[in-house]
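**Q** fold the following for me, if possible:
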Amino acid sequence: MEFDSISPAISGVMGGMLATSLVARWSRNLPGGYRGKSRQRLAREHRASIWTANALFFVGLFSGVALYPLGGFANTDWRPLLWGFGLASVLPLLAIAVVSLLSGRRLKEAFVAFALGQGSPVWVTYLPLGAGVVAFGFAVADLAS
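**A** Numbers count the residues shown, from 1 in each chain. Next comes the predicted model:
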């Protein structure tokens, strides 16, 4: 077995270890709640929006991966990756907004509950999702052209 064939696996394991250690470190420093509500209460009140957002994240991610074989794209084509990253960012944000509005919950509180439920600070959760929204815009613009 050559090193080139296992280097992606080694890279993935190292990235996973780094992500796990960052989340463990951040979770110790997360606020205990938001506007007088504990993290547990926020998670309980916004369970439906958090669960839906997490499920739609994976739907968006897997749909981008599925575009390669189903859409006939080459392995070096970046467009399915852009769609996957965009959908994995836009769909959870829309889910949080729609579910919290339909259930009569506060929108900002739902977004904070989602971030705390991920075990990361709010800015760490929404910075990549914001970049994904931009990627989604580029994917839609590429489709329109």
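
**Q** residue ranges with poor pLDDT in the protein?
**A** 1-5 (pLDDT under 70).

**Q** in it, where's the longest helix?
**A** helix 3-29 (DSSP state H).

**Q** quick one: the helix or strand hosting residue 129 to helix 3-29, angle?
**A** Following DSSP states H and E, one finds residue 129 within helix 122-144. Interaxial angle of helix 122-144 relative to helix 3-29 (axes from the mean of the first three to the mean of the last three CA atoms, to 10 degrees): 130 degrees.

**Q** helices and strands around helix 122-144, which ones?
**A** Using 3 or more CB pairs under 8 Å, 6 or more residues apart in numbering; DSSP states H and E as the contact test, the elements touching helix 122-144 are helix 79-102, helix 107-117. Where you see a C-beta, it was placed from the backbone N, CA and C, and this is true even at glycine.

**Q** can you give me the offset of the longest one from its chain's centre?
**A** Between the centre of helix 79-102 and the centre of its chain there are 8 Å (CA atoms, centre = their mean, to the nearest Å).
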